[in-house]
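Student: My questions concern the predicted model and sequence given below.
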Amino acid sequence: MKNNLVIVESPAKAKTIKKYLGKTFDVVASMGHIRDLPKSRLGVDPEKNFEVSYTVMKDKKSTVKSLKEKASKSEKIYLATDPDREGESIAWHLAYVLGLDCEEENRITFNEITKSGVLNGINHPRKIDSLLVNSQQARRVLDRLVGYKLSPFICKKIQRGLSAGRVQSVALKIIIDREIEIEKFVPQEYWTITAHLESEGQEFDALFWGSDKQIKLENQKQSQKIIDDLKGAQYIVSEVKKGKKHKRPFAPFITSTFQQEAVKKLGFSSKKSMKIAQELYEGVSIDKIGTTGLITYMRTDSTRISEESRKKAEEFILNKWGEKYIPSTRRIFKTKSNSQDAHEAIRPTMPNISPEQIKSNLTPDQFKIYKLIWDRFISSQMADCIQNTVNIKVSANGYIFKSSGYSVEFDGFTVLYKDDNEKKDKPLPYLSVGTICKLIKLDPSQHFTDPPPRYNEASLIKTLEEDGVGRPSTYASIISTITMRDYVQKDGKSFVPTELGRAVNDLIQKYFPSIVDVKFTSTMESNLDKIEKGDSDWKDTLRDFYSDFEKYLQNAKDETKDLKIHIKDNETGIICDKCGMPMVIKRSKYGKFIGCSGFPSCKNIQKFVNSIGVKCYKCGGDIEKKKSKKGRIFYGCSNYPNCDFASWNQPTGELCKSCGMPMFLKGKKKFCENCEKKEEK
């Protein structure tokens, strides 16, 4: 008897789904995309109505052969790739190479990889959504046209190994514009006067506001005059306003808010957070349950949740905290008008399973991400936090000081999930109009206005989303690309543009202004959404874009025939052993290397070593910061393969006082890997 064949992207997902479908189903993985535009040529012909040439990827030829063999022996074939544009595209390409009819109902999707989610998907097959496919094709072709045409131009004018992209170039411009804003910023002096007061034995602070109208204190002379006027003054409470503030919980996560919060609360990069979320979605082995998906699909911009999940959350809240923590009305969170509402918000598939219950089955990072998602979802279904607020005015010799505070009447959702950015006001003492307060001291203080902060991952993602640039699912790769290309570097958690990044941005901004225009890019994103909805034709959208882009490109080539932008190479302090010239850091498409500044007369090169200034405890070699094949940072000895020291954590150069093994950094904290492993055992 022939089996049914189900094709997904990853082996982990296949393993989980197989468990639910049983022996009559064969579940296999395509390992992601199997066809794409060719690497060696454009693969798009604008002269032939944007005819697209797809080829089977070199590393997927054996996979395709295996899939064809399995498909020929199967009774029914289901395409179960991810439930988004990218997944629909993979399903369409699979249908093509396997000779399937796209009008046949062979496409299934799973919002969650649980028994109910998988069975619901398998019981509701549909046709491949051609609108979703066309929207993805338009996006891919747009990115190919920009990347394939613009990148060689950038390389020729600046240096080899560079790239430009439709969305990455906008992200880079946003970072550089902020840096320019910071550089041009002129600090403005201002002063504050704080009155440290006491009433009924309890101290509190009030800030100078003005008199009959607000007074801005601009210098010391102005501040000193007010302090002189206040000598011997009585400080009397002239106004008391009391109120109640209802703080609503945050909405469940969508992709962008999840990435932002993982950066802020956990210090995880967006790339790392999405990778771990993918693992939780595809399935984890849980004691007494088996392998199951722990969260719903993590690429979504809808805050909608199912009625079933809401009821399960309510049941958990009731059992854990009691009825008063259940909101009086059902929670409905507003979803942005341009969002794709095909999927629910990111939520736990089994809200009744708390993170602590399954901690032993998860890696430390999986636990942190699951807890973040679980806490956010459960808290979103809880009652408001109720605060008693007090705002007072204190009058003294015709001047007014203001103070505010609050006390928590009912903690509500904050018993589980807190806003790290919330202003922490202290409760004020009991005060009524006419209360005379004792002055402890007046504290004048000079300040200067601060420039706007540099972007970090969280704030950049927030800006990209607000401006409608790209899709949340692409933010991780965008940030990764501009960092790997050395267009930006990180100063702590903040992005700082490099000289190379500025040169690339200046060139694109001068000759291809629409490429880095936020409004233009946002409009293009809206056009891609219109294709998905059937309101626009994908080839018309390409034609409209390319006609202008081609003119810009030809004009840029004509005007820059003799232009060559030189980026100053960073000196290494090493002298070339062949010609005596200084050695400098250079870049190629394969990464950084050390080359002679006398090139092309001297072609001496050396391997680039990114030393962190720490010696290997095993052999005394230099510890280097390296990247794995998957792009993950790790630390290894420069004497590899003769020395096998390697760690995902950064060594400090210190040894543990307890065991003598090396100490490492986790964030800003030092720890010993050896002692930590012993404690876990």
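Tutor: Okay, I see it.
Student: separation between the closest residue to Pro83 other than its chain neighbours and Ile122?
Tutor: Distances taken as Cβ to Cβ, 6 or more residues apart in numbering put Thr109 closest to Pro83, at 3.7 Å, once the chain neighbours are dropped. Where you see a C-beta, it was placed from the backbone N, CA and C, and this is true even at glycine. Remark: distance between Thr109 and Ile122 (Cβ to Cβ, to the nearest Å) = 10 Å.
Student: How about Thr303?
Tutor: Noted for Thr303: a distance of 27 Å to Ile122, by Cβ to Cβ.
Student: Then Pro355?
Tutor: From Pro355 to Ile122 the distance is 29 Å (Cβ to Cβ).
Student: one step back: neighbour count: Thr109 and Ile122, which is higher?
Tutor: Neighbour tally, Thr109 and Ile122, criterion other Cβ atoms under 10 Å: the higher count belongs to Thr109, 23 against 18.
Student: which SS state does that one fall under?
Tutor: For Thr109, the reduced secondary structure class is coil; criterion used: DSSP: H, G, I helix; E, B strand; the rest coil.
Student: That one touches Tyr78, doesn't it?
Tutor: No: proximity of Thr109 to Tyr78 does not meet the contact threshold set by Cβ atoms under 8 Å, at 10.3 Å.
Student: And the strands in the stretch 1-150 of the chain, which stretches?
Tutor: Counting by DSSP state E, counting those that start in this stretch, the segments of the stretch 1-150 of the chain that form strands are 4-8, 25-29, 35-36, 44-45, 51-52, 55-56, 77-79.
Student: And Phe645, how close does it get to Val240?
Tutor: Phe645 sits 65 Å away from Val240, taking Cβ to Cβ as the criterion.
Student: I meant to write Pro429 there.
Tutor: When distances are taken as Cβ to Cβ, Pro429 and Val240 turn out to be 12 Å apart.
Student: any idea of the pLDDT on Gly595?
Tutor: What the model reports for Gly595 is a pLDDT of 91.
Student: How about Asp341?
Tutor: Asp341 is assigned a predicted lDDT (pLDDT) of 47.
Student: Would you map the strands across the stretch 251-400 of the chain?
Tutor: Listed in chain order, the strands of the stretch 251-400 of the chain (DSSP E, counting those that start in this stretch) span residues 284-286, 290-292, 385-396, 399-410.
Student: Okay, buried residues for stretch 434-447 please.
Tutor: Thr435, Cys437, Leu439, Leu442 (16 or more other Cβ atoms under 10 Å).
Student: same thing with stretch 460-478?
Tutor: Judged by neighbour count using 16+ other Cβ under 10 Å, the buried positions of stretch 460-478 are 460-465, 468-476, 478.
Student: Using CSV, lay out the strands of the stretch 1-150 of the chain together with mean neighbour count, distance to Thr16 and mean pLDDT.
Tutor: What follows is the strands of the stretch 1-150 of the chain, written out as CSV (neighbours: other Cβ atoms under 10 Å; distance: least, Cβ to Cβ, whole Å; pLDDT from 0 to 100):
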stretch, mean neighbour count, distance to Thr16, mean pLDDT
strand 4-8, 23, 9, 96
strand 25-29, 19, 9, 95
strand 35-36, 18, 25, 96
strand 44-45, 16, 37, 96
strand 51-52, 14, 34, 96
strand 55-56, 15, 27, 96
strand 77-79, 22, 15, 97
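Student: Quick check: which of the ones you listed is nearest to Phe153?
Tutor: strand 44-45 (17.2 Å; Cβ to Cβ).
Student: Direction included, what does the closest one pair up with?
Tutor: Paired with strand 44-45 in the same sheet, following DSSP bridges, are strand 51-52 (antiparallel).
Student: Check the offset of the partner strand from the chain's centre.
Tutor: For strand 51-52, the distance between its averaged C-alpha position and the chain's averaged C-alpha position is 33 Å (Cα atoms, centre = their mean, to the nearest Å).
Student: coming back round to it: so which of the strands of the stretch 251-400 of the chain gets nearest Gln202?
Tutor: Using Cβ to Cβ as the measure, strand 399-410 is the one of the strands of the stretch 251-400 of the chain that comes nearest Gln202, at 11.1 Å.
Student: Looks like Pro355 contacts Arg376 (just checking).
Tutor: No: Pro355 is beyond contact range of Arg376, at 11.6 Å (criterion: Cβ under 8 Å).
Student: Which of those two has more residues huddled nearby?
Tutor: More neighbours sit around Arg376 than around the other of Pro355 and Arg376, counting by other Cβ under 10 Å; the figures are 24 against 19.
Student: circling back to that earlier point, just put the strands of the stretch 1-150 of the chain in JSON lines and tack on distance to Leu500.
Tutor: Listed next are the strands of the stretch 1-150 of the chain as JSON lines, based on distance: least, Cβ to Cβ, whole Å:
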{"stretch": "strand 4-8", "distance to Leu500": "40"}
{"stretch": "strand 25-29", "distance to Leu500": "39"}
{"stretch": "strand 35-36", "distance to Leu500": "28"}
{"stretch": "strand 44-45", "distance to Leu500": "29"}
{"stretch": "strand 51-52", "distance to Leu500": "33"}
{"stretch": "strand 55-56", "distance to Leu500": "32"}
{"stretch": "strand 77-79", "distance to Leu500": "43"}
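Student: Out of these, the one nearest Ser273 is which?
Tutor: Of the strands of the stretch 1-150 of the chain, the one closest to Ser273 (Cβ to Cβ) turns out to be strand 4-8, at 22.0 Å.
Student: can you pull the alpha-carbon coordinates of the closest one into CSV?
Tutor: What follows is the C-alpha trace of strand 4-8 in CSV, where atoms were taken according to Å, rounded to 0.1, in the frame of the first residue of the first chain:
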residue,chain,number,x,y,z
ASN,A,4,1.0,9.6,1.7
LEU,A,5,4.0,12.0,1.4
VAL,A,6,4.2,15.2,3.5
ILE,A,7,7.0,17.6,2.6
VAL,A,8,8.2,20.2,5.1
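Student: which strands and helices sit next to that strand?
Tutor: Helices and strands in packing contact with strand 4-8 are listed as helix 11-21, strand 25-29, helix 61-72, strand 77-79; criterion 3 or more Cβ pairs under 8 Å, 6 or more residues apart in numbering; DSSP states H and E.
Student: could you redo these as CSV and give each row distance to Lys666?
Tutor: As requested, those are exported to CSV (distance: least, Cβ to Cβ, whole Å):
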stretch, distance to Lys666
helix 11-21, 27
strand 25-29, 33
helix 61-72, 38
strand 77-79, 42
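Student: Tell me which of the ones you listed sits most buried.
Tutor: strand 77-79 (a mean of 22; mean count of other Cβ atoms under 10 Å).
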